[in-house]
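*Asks:* generate a structure from the sequence data that follows.
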Amino acid sequence: MTWTATTNLKCCLLNAENLFLLFDTEPTKELLKLSETQWQRTSTSVYENKSLKKCHDIAKCLIDINADIIMLCEVGGYESLKNFNQLFMDDAYSPVLVEGNSDRNIDVGFLIRKNAPYYFDLLSNKSRPINYLYPHERQSLAHGYPVKGGKITTSHKFSRDVAELRLFSKDKEKPFLITLLTHLKSRLDPERIDPNGFERRQAELRTLLEIYKELEAVHPDVPIMIAGDFNGNASTVGTDEEFKDIYSTTKLLDVFEVAQLSAEKRATFYQVKNNTRTEGRQIDFAFLSPLLQQHLKPNSSLAYRYKDEFGSEIGVPSNMEAKLRLPSDHYPIVFEIENIPLK
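*Replies:* Numbers count the residues shown, from 1 in each chain. Okay, the predicted model is just below:
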């Protein structure tokens, strides 16, 4: 029998909520001794740095989780990710990020533990068309009118990106795991051109699935993961309309579905209504291909709950003030993949 080397991976997915860490001079750990007011004065960027306390709290959470691969949404570019890793994570990870299309400059990126028994390569899909125009743009084109700055637009692109991370041991063209990390269109519609962002988000989801199917065709023996903030209910129960293609055209399943977690344990986001009622929902997902589902470690999947200074879990926020004290408005998803064959 031929012996095959394998590896285990602990994974974490978190929308870090506006993780901007931009400084006017090269940052050092001396910054961590500053007051919050002094901390904010270290940057003249138009983007406000995430509070010092919340950065400490996110780092405390991630150190407690101790993941090999950390997948992050809402990162303020490569510089912010690099600074977070150096200042708060003792430079234990390699920051990996390609800046995407966000008009808020919030990107998706990875922290990959250093000295791992594999290499990585990152590709971007930010230039890929999503085969979508807004209704008014479709109408303009139908009548031969120019749109979008006087230029004919054939399609929009992803609101952020689909970052494609490939892990490999020898040949980057022969990965042993592929991860697609995304942050789909939000429900905000300030221009009032796409109610709740539904059409744009649906188009992004369909293009995301196209990318997945293309990878599956080229790498039929490689496990694939699709993770990120989906900004809606993409679970199997009460699936929002824009996500139904996941189940009608693929065999992807979310880690919580594979692990059969109860509904109340799946919430990654809590919405406080009228400052009196809190509603928990899962809007962050890590979908596994059939090949990868086989490697999900039993009882390893959870929606991590933030902890206080004594190590006790902080309860569900009962009002907006309590929610604003949390390190992020999202909770991390944590799971472990075991015995993945190295190629």
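
*Asks:* what about Gln260, distance to Gln293?
*Replies:* 12 Å (C-beta to C-beta, to the nearest Å). C-betas here are computed from N, CA, C, even on glycine.

*Asks:* neighbour count: these two, which is higher?
*Replies:* Remark: of Gln260 and Gln293, Gln293 carries more neighbours, 17 against 7, as counted by other C-beta atoms under 10 Å.

*Asks:* just checking, that one touches Leu253?
*Replies:* Yes. The criterion here is C-beta atoms under 8 Å, and Gln293 meets it with Leu253 at 6.0 Å.

*Asks:* any common contacting residues for those two?
*Replies:* Counting by C-beta atoms under 8 Å, 6 or more residues apart in numbering, Gln293 and Leu253 have no shared contacts at all.

*Asks:* what ranges do the helices span in this structure?
*Replies:* Under the criterion DSSP state H, the chain carries helices at the ranges 36-40, 52-65, 77-88, 135-142, 198-218, 245-249, 255-259, 290-293, 320-325.

*Asks:* need the residue closest to the centroid of the chain.
*Replies:* Centroid-nearest residue in the chain: Gly228, 3.3 Å away (criterion: C-alpha atoms, centre = their mean).

*Asks:* just list whatever residues bridge to that one.
*Replies:* Thr182, Phe285 (DSSP bridges).

*Asks:* which of the residues in the lowest-mean-pLDDT helix or strand in the chain are buried?
*Replies:* Ranked by mean pLDDT, DSSP states H and E, the weakest helix or strand in the chain is helix 135-142, scoring a mean of 85. Buried residues in helix 135-142, counted by 16 or more other C-beta atoms under 10 Å: 137, 140.

*Asks:* mind listing the strands for this structure?
*Replies:* 6-19, 69-75, 93-97, 107-113, 119-124, 162-168, 177-183, 224-229, 253-254, 269-273, 277-281, 284-288, 302-303, 333-341 (DSSP state E).

*Asks:* what pairs with the longest one, parallel or antiparallel?
*Replies:* Next to strand 6-19 in the sheet, as set by DSSP bridges, lie strand 69-75 (parallel), strand 333-341 (antiparallel).

*Asks:* among those, which is nearest Phe168?
*Replies:* Ranking the strands paired with strand 6-19 by proximity to Phe168 (C-beta to C-beta) places strand 333-341 first, at 11.7 Å.

*Asks:* what residues sit buried inside that closest one?
*Replies:* 333-337, 340.

*Asks:* just want the angle from it to strand 177-183.
*Replies:* For strand 333-341 against strand 177-183, the angle by axes from the mean of the first three to the mean of the last three C-alpha atoms, to 10 degrees is 160 degrees.

*Asks:* mind checking the pLDDT average for strand 333-341?
*Replies:* Mean per-residue pLDDT for strand 333-341: 97.

*Asks:* I'd like the distance from that strand to the chain centre, please.
*Replies:* 17 Å (C-alpha atoms, centre = their mean, to the nearest Å).

*Asks:* likewise for stretch 20-40?
*Replies:* 25 Å.

*Asks:* any idea of the mean pLDDT in that stretch?
*Replies:* Here the average pLDDT along stretch 20-40 is 96.

*Asks:* distance of Leu291 from Leu252?
*Replies:* 11 Å.

*Asks:* whoops, Asp161 was the one
*Replies:* 19 Å.

*Asks:* of these two, which one has the most company?
*Replies:* Here Asp161 and Leu252 are compared on neighbour count by other C-beta under 10 Å; more neighbours surround Asp161, at 26 against 22.

*Asks:* phi, psi of the more buried one?
*Replies:* The phi/psi pair for Asp161 (degrees, to the nearest 10) reads phi -170, psi 170.

*Asks:* and it, how far is that from Glu191?
*Replies:* 21 Å.

*Asks:* before we move on, back to that, least reliable of the helices of the chain going by mean pLDDT?
*Replies:* For those, where the average pLDDT is lowest is helix 135-142, sitting at a mean of 85.
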